[in-house]
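*Asks:* just to be clear, the model below is a prediction. Sequence and coordinates:
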Amino acid sequence: MAAAIETEGLTKDFAVGFWRPRPYRALDRLTLSVNTGEVFGFLGPNGAGKSTAIKLLMQLLYPTTGTARILGRPVGDASVRQRLGFLAENPYYYDYLTAEELLSYFARLFGYRGGEVATRVSRVLDDVGIGKERRLRLRRFSKGMIQRVGLAQALLNDPEVVFLDEPMSGLDPLGRRHVRDLILAMRARGCTVFFSSHILSDAEALCTRVGVLVQGKLVASGPLSEILAFELKGWELVVSGVNDALRPELAPLAPRLTELGDGHLLLHLPADAEPDRLLGELTRRGAHIVSLNPVRETLEDYFVEVVGATAARDARGVGL
């Protein structure tokens, strides 16, 4: 599969300090490839270098060393920029324009004219869930509403590649679900989506592959199934109708029992338990099976583990 985004040794140093400026490495030799049509999650804690990388790809910053290509062309190629969408982490627009006026301006920058401007503006505003508010000045919008306007701007030209820097920032749960649906719709039509986030549940729900960035370095990259390995940690079994005679017999089988109310009992079973045999026995003894779910390693577990290991390694290095 062709790569939509490629970087090779992409590095960015900033000069810090007043009297004797010294280089600070915000991004350290980033090398990655994002396939056409996939949703790639760029994960990392605040200050890891995620926004720096996206700004380099959008040519809002220039690299110290390294190269990058988008859709097979060098970053900054005019023919490619017409095919991109971009949402900044903290979008800011002129307060006295309405959402319709702002997006009409951007549509004309893309070369649309006449009735097509109004058609596109109306469509993307509908897509991001902005209704009659589209005729209000932006100064009256909340942060979450501004985020929706920014997302509409990023989708205005039906881009082939979309860069979203913390797209869920400032959104309520309903808004986050709406953005998730939009990203899935973009993936369905073959659009490549590259988004940064530290909200790990969003990446876990959306991404085909992820990269983990810590202190400017890419410490892991690949499909979630390979990174997480989805190691089975145990089982969660919810049952009802457990009588007093049966309850003592469950204690040796489940390390922990939790009362859920309404007669429901949650059994925390070890990974090596045999759920099928236990389910048959419980049913035979008059209990009712409500649910059985495997407990596996999550993206958040992996993220915490990688960040902690990197910090510990760096601490040991400082002490040498």
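*Replies:* Looks like it arrived, so ask away.

*Asks:* wait, a strand at Val295?
*Replies:* Yes. Under DSSP: H, G, I helix; E, B strand; the rest coil, Val295 falls within a strand.

*Asks:* and the pLDDT for it?
*Replies:* pLDDT for Val295: 86.

*Asks:* for my notes, confirm Leu266 occurs in a strand.
*Replies:* Yes. The assignment for Leu266, made by three-state DSSP, places it in a strand.

*Asks:* starting at the chain centroid, how far to stretch 208-221?
*Replies:* Distance of stretch 208-221 from its chain centroid, counting by C-alpha atoms, centre = their mean, to the nearest Å, is 12 Å.

*Asks:* quick one: terminal-to-terminal distance for that stretch?
*Replies:* Taking C-alpha to C-alpha, to the nearest Å, the first and last residues of stretch 208-221 lie 11 Å apart.

*Asks:* buried residues in that stretch, which are they?
*Replies:* Neighbour-count burial for stretch 208-221, counted by 16 or more other C-beta atoms under 10 Å, picks out 208-218, 221. For the C-beta atoms, the positions are set from N, CA and C on the backbone; glycine is no exception.

*Asks:* just the ones of these in strands?
*Replies:* 209-214, 217-218, 221 (DSSP state E).

*Asks:* flag whichever of those residues scores worst on pLDDT.
*Replies:* Across those, the bottom pLDDT score, 86, is held by Val214.

*Asks:* residues contacting that residue?
*Replies:* Shown in contact with Val214 (C-beta atoms under 8 Å, 6 or more residues apart in numbering): 44-45, 48, 306-307, 310.

*Asks:* need the buried ones from those residues selected in PyMOL.
*Replies:* To isolate the buried members of the contacts of Val214 in PyMOL, using 16+ other C-beta under 10 Å:
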select buried, resi 44+48+306+307
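
*Asks:* tabulate the contacts of Val214 (TSV), appending pLDDT and secondary structure.
*Replies:* Conversion of these to TSV gives the following (pLDDT from 0 to 100; DSSP: H, G, I helix; E, B strand; the rest coil):
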residue	pLDDT	secondary structure
Gly44	86	coil
Pro45	84	coil
Ala48	88	coil
Val306	77	helix
Val307	75	helix
Thr310	72	helix
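
*Asks:* mind picking the two most distant members of the buried residues of stretch 208-221?
*Replies:* Thr208 and Gln215 (25.4 Å; C-beta to C-beta).

*Asks:* next, the contact list for Val149, please.
*Replies:* Per C-beta under 8 Å, 6+ apart, neighbours of Val149: 91, 93, 99, 102-103, 128, 130, 138, 141.

*Asks:* tabulate the ones in strands among the buried residues of stretch 208-221 (CSV), appending distance to Ala315.
*Replies:* Formatted as CSV, these follow (distance: C-beta to C-beta, whole Å):
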residue, distance to Ala315
Arg209, 30
Val210, 25
Gly211, 24
Val212, 19
Leu213, 19
Val214, 13
Lys217, 15
Leu218, 20
Ser221, 24
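
*Asks:* partners of whichever strand or helix holds Gly85 in the sheet?
*Replies:* Element membership of Gly85, judged by DSSP states H and E, is strand 84-87. Sheet pairing for strand 84-87, assigned by DSSP bridges, gives strand 161-165 (parallel).

*Asks:* CA atoms of the following helix or strand past the partner strand as PDB?
*Replies:* Moving toward the C-terminus from strand 161-165, the next helix or strand (DSSP H and E) is helix 173-188. Extracted in PDB, the C-alpha atoms of helix 173-188 (Å, rounded to 0.1, in the frame of the first residue of the first chain):
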ATOM      1  CA  PRO A 173     -18.900  13.900  25.300                       C
ATOM      2  CA  LEU A 174     -21.500  14.400  22.600                       C
ATOM      3  CA  GLY A 175     -19.100  16.500  20.600                       C
ATOM      4  CA  ARG A 176     -16.400  13.900  20.900                       C
ATOM      5  CA  ARG A 177     -18.700  11.200  19.700                       C
ATOM      6  CA  HIS A 178     -19.600  13.400  16.700                       C
ATOM      7  CA  VAL A 179     -16.000  13.900  15.800                       C
ATOM      8  CA  ARG A 180     -15.300  10.200  16.100                       C
ATOM      9  CA  ASP A 181     -18.100   9.500  13.600                       C
ATOM     10  CA  LEU A 182     -16.700  12.100  11.200                       C
ATOM     11  CA  ILE A 183     -13.200  10.500  11.400                       C
ATOM     12  CA  LEU A 184     -14.700   7.100  10.700                       C
ATOM     13  CA  ALA A 185     -16.700   8.500   7.800                       C
ATOM     14  CA  MET A 186     -13.400  10.000   6.400                       C
ATOM     15  CA  ARG A 187     -11.700   6.700   6.700                       C
ATOM     16  CA  ALA A 188     -14.700   5.000   4.900                       C
END
